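J.: just the structure for this:
(2 chains)
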Amino acid sequence: MTSSPDAPQIGGLAPFSLPAVERTVLASGVSVALAASGSIPKAYLRLVLGFGTGTERSDETWLTRLIGDYLTQGAGELDTAGLADAVAQMGGRLDVSVDEDTTTLSTSVLSEFAPDAVRLLATVAREPRFPESELARLRADLGRRLELAKSQPGTLAASAFRRAVYGDHAYGRLLASPEQIAGFTTEAVRATYEAHAGASASRLYVAGLFDSAAVLAAADGAFDGWSNASGRSSEVPQPRSERAIYLVDRPGAEQSTLQIGLPVPPPSADDYVALSVTNSLLGGSFYSRITLNIRENKGYTYSPRSQMVAHPSDAFWVEQADVTTNVTGASLHEIFKEIELLRAEPAGEQELADIQNYVAGSYVLRHATPGGVLEQLAFLDLHGLDEGWAAAYAERVLALTTADVQRIAVEHLRPDEMTIAIVGDRRAIAEEIAPYGAILEAAPA
Amino acid sequence: MTAATAFQLDIPVEQHTLANGLRVVLSRDTSAPVVLVAVYYHVGMRLEPRGRTGFAHLFEHLMFQGSEHLGKMELVQRVQQNGGALNGSTRYDFTNYFEALPKHTLELVLWMEADRMRGPKITDAELNNQRDVVKNEIRVNVLNQPYGGFPWIDMAEQAYANWHNSHNGYGDMVDLDAATLDDAREFFDSYYSPANAVLVVVGDFEPTAALAMSRRYFEGIPAQPRPEPADVTEPAWTAERRFTKDDPLASQPAVAVSYQVPEHGTPEYFAMGLLDQMLLQGDDSALHHELVNKRGMTGDVDGGMNFLGNMYNAQTPLLWTASAIHDPAFDTDAILEAFDAAVEPFRAAPPSPAVFDRAVVKARSAFYDSLTSTAYPGFGRADLLASFALIDGDAAAINEVDARFAAVTPELVHAVARDYLRPDGRAVLSVNPTAGAPNASEDGAGAEEVQS
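T.: Numbers count the residues shown, from 1 in each chain, chains lettered A, B, ... in the order given. A predicted model of the protein is given here:
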């Protein structure tokens, strides 16, 4: 076989400017951000309402999810089927996603329908029907989703981890109870929605290809006069962590599902950018230390990953992995070894430079598609970050030193305080995980 | 400019064939300063050797473990240190490798893909490591999850008659354990030749320069004969068949219903694509209306024409499958009764103009969605260009999709529904949930240990 040529030399990353975003606040108070992007004749729309499950009281867990499902059941002149038909006629589907801090109505339609889609989203947000006739069915659907969630090891691990870190705060309750769901009423749905959904707490994002003047005009008219309920903010949580193992027994499990982590500063904090780079180096990318170790060297797992999960006022760092049952203890050993090493010794200069280029270059990729642009805009707004923060991001990434990364690891990634959640076969793993912390029984759900 | 001209889809497609048979497809898109490089080899789960189920996928992993100039994981390292994202996947008919990066890196990425097209350079250490990784992939996605192989592995195993289509493409653990470096060499020599591959470049580049670079790095790779395609033909199903699978990790029943679909690329195939929109896709679909809104049997009916992709990126035979995790108050017969109530009107008469027109719009919108990819900018477009090149023989067919749907009539939709969606030609798979049943999950521990 002929030999292949040597690697070509390439230049460095070209200076990159963020895509242009047209921002405005409508007379109604709704914030609008429009970003022409991409090359496919579709428009991608999101209407973000300022409340999520994080504001739920302990006796109404998942009420916001029921509201989300209920929003698809007709609005204005349209009943359930009429609403589904109307959005489908534009090439779209109405999706309502509920997370801890937001409820998001989204759809993607053929470009020529973008103004119509804005009007439709406004109608859904302003005039939901919440028909009593659909309540029993929607509650049953929600109950089955709960049942499904409780059978998934990843969800059970996340649930145990959250409860340990957030305690009684709503962020600590990932799973509802069937009894609570059965007690939800249309009145509670309507009252909660009307108290918290309103113009000034809502943000409309449109990306893709569309006529921006027509979209803006449609939004101006469609949201005019909407109520000014201000959304509701979560109580400020007091996340905490101490080294202990929360074990959910899953007899016979072939793998142990791990979550290991602790609270860290949120995106609005000074250290967040450095923390992001540190995370990418430690476990947050394919070519990171933990992944190279427990996947590419040891073969313990397929998809290990660390990340920061952020709310407006707090965040946590977590390493997740599904590892073969008989190497559960060995996996904990290797993960903690890598964390300790990053705290004890500075990263290599080239290693850090590579990760800096990765994080900075990924920023280009993340702004290269309409979906990516929407994600970035929603992230900035949720965390109260401005365009200056976004514009300076890559520069801040590239300015970090190995000393910065070591400081971040020492200050924020403290293994002695990390919460460990494990869903696995207690009988098979109890002995080998015992050295890593007191084993506390976590209820299955 | 007017909205009408501004919103046209027009994908530039430039096709070349190098001296060694490698097809090159270039599609410029200057909407962002990035490039996407993809290499597709025309071998997937359907072509792996008997006794080596899962091998096409295992081999995909091995392609990241080193080649002549790239050490283990060095390709991943180089992509990352240049700000990129990458992945690979194994499908029924092809295996793909792709990288999305800032645009200045194009030449480096082409060089890397060319280096590994000359063959992996690995030892037993890498094979054993990736064998363990793949087994953990199967555990996390199938063995340790409720509804893990449902319906894509379970339905195929039960319903198809032809081994190429029916066997578990993720692989049997015993077969994975048996795989050797000799197998890898033989597999590579048989299927990973330039003439059996397509290189696609999408993004912000100069086509003349990109073609020159492609020639520089790929044209020197020795030519090999193209392999014989497997015979994947499937006999027509002539009776309803029902299967049940116990799932010890599931706590709610589920049903999947599968039908054979018309031959890929025919007018009937596009009519089936519209039927999929009318019956199954979206909250306005007939099955959603009947099973979800009207009868409250489930919160969602899932499915489509390709378990591992869309209607464009696999050849037939394929199954049109609808599935739902459903309320235990209903049994499979009750679900099927509701299913037929939704489907039979389409078999009895052509769809109404409103339903038909809506399906055409939805199909176009779904096609556009399949051209996009947020995680790997440019990948959706590259995926369809490669698929049209490999399966249809012409990447430029990507620009004919709208016309193919437009040529379908309500009468053709009716005929396809009548001929293909026959209750006496379908397969029905029920999941029997046994979680919580006595001894349901005893003796599972240690049954499949990797480390020794």
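J.: from now on I want contacts and neighbour counts done on CA atoms only, so please keep to that.
T.: Noted.
J.: burial count for the residue of the stretch 201-350 of chain A found nearest chain B?
T.: Evaluated by CA to the nearest CA, the stretch 201-350 of chain A has A:G252 as its residue closest to chain B, separated by 4.3 Å. For A:G252, the count of nearby residues is 21 (other CA atoms under 10 Å in any protein chain shown).
J.: in which helix or strand would I find it?
T.: For A:G252, there is no helix or strand it lies in under DSSP states H and E.
J.: how about the one 10 residues further on?
T.: A:L262 belongs to strand A:255-264 when elements are defined using DSSP H and E.
J.: go on, A:V397?
T.: The secondary structure element spanning A:V397 is helix A:387-398 (assigned by DSSP H and E).
J.: returning to what we had before: any idea of the mean pLDDT for the strand holding A:L262?
T.: In this model, strand A:255-264 has a mean pLDDT of 98.
J.: near chain B, anything from that strand?
T.: Yes - under the criterion of CA under 8 Å from any CA of the partner chain, chain B is reached by strand A:255-264 at A:Q255.
J.: can you list contacts of that strand?
T.: Taking contacts as CA atoms under 8 Å, 6 or more residues apart in numbering or on different chains, the residues outside strand A:255-264 that touch it are A:153-154, A:157-158, A:161, A:165, A:239-241, A:314-325, A:328, A:412-414, A:417-425, B:139-140, B:144.
J.: contact residues of the stretch 201-350 of chain B facing chain A?
T.: Proximity of the stretch 201-350 of chain B to chain A is assessed by CA under 8 Å from any CA, with B:217, B:220-222, B:249-252, B:282-284, B:289, B:296, B:298-299, B:327 identified as the residues in range.
J.: picking up where we left off before, what is the helix or strand following the helix holding A:V397 packed up against?
T.: On the C-terminal side of helix A:387-398, the closest following helix or strand by DSSP H and E is helix A:402-412. Of the remaining helices and strands, those touching helix A:402-412 by 3 or more CA pairs under 8 Å, 6 or more residues apart in numbering or on different chains; DSSP states H and E are helix A:272-279, helix A:328-344.
J.: could you check the angle helix A:272-279 makes with helix A:402-412?
T.: Orientation check (axes from the mean of the first three to the mean of the last three CA atoms, to 10 degrees): helix A:402-412 against helix A:272-279 gives 90 degrees.
J.: that older thread, list only buried entries from the contacts of strand A:255-264.
T.: Buried subset of those (neighbour count, 16 or more other CA atoms under 10 Å in any protein chain shown): A:153-154, A:157-158, A:161, A:165, A:239-241, A:314-325, A:328, A:412-414, A:418-425, B:139-140, B:144.
J.: now do the strands in the stretch 51-200 of chain B.
T.: When assigned using DSSP state E, counting those that start in this stretch, the strands of the stretch 51-200 of chain B occupy the ranges B:85-90, B:95-102, B:197-203.
J.: could I get those strands as TSV with mean neighbour count?
T.: Formatted as TSV, the strands of the stretch 51-200 of chain B follow (neighbours: other CA atoms under 10 Å in any protein chain shown):
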stretch	mean neighbour count
strand B:85-90	19
strand B:95-102	25
strand B:197-203	28
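J.: can I get the ones you listed in a markdown table with mean pLDDT?
T.: Converted to a markdown table, these look like this (pLDDT from 0 to 100):
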| stretch | mean pLDDT |
| --- | --- |
| strand B:85-90 | 97 |
| strand B:95-102 | 98 |
| strand B:197-203 | 98 |
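J.: dump the residue contacts of the closest residue to chain A within the stretch 1-150 of chain B.
T.: Evaluated by CA to the nearest CA, the stretch 1-150 of chain B has B:G83 as its residue closest to chain A, separated by 3.7 Å. Residues counted as contacts of B:G83 (CA under 8 Å, 6+ apart) are A:357-362, B:101-102.
J.: determine which stretch of the helices and strands packed on helix A:402-412 is the most buried.
T.: Most buried of the helices and strands packed on helix A:402-412 by mean neighbour count (mean count of other CA atoms under 10 Å in any protein chain shown) is helix A:272-279; its value is a mean of 23.
J.: and it with strand A:255-264, angle?
T.: Between helix A:272-279 and strand A:255-264, the angle formed by their directions is 150 degrees, by the same axes, to 10 degrees.
J.: next, the angle from helix A:272-279 to helix A:328-344.
T.: 130 degrees.
J.: just checking, what packs against helix A:272-279?
T.: In terms of contacts (3+ CA pairs under 8 Å, 6+ apart), helix A:272-279 is packed against strand A:305-310, helix A:349-366, helix A:387-398, helix A:402-412.
J.: out of those, which is the most enclosed?
T.: helix A:349-366 (a mean of 22).
J.: next, the angle helix A:272-279 makes with that one.
T.: Helix A:349-366 and helix A:272-279 are oriented at 110 degrees to each other (the same axes, to 10 degrees).
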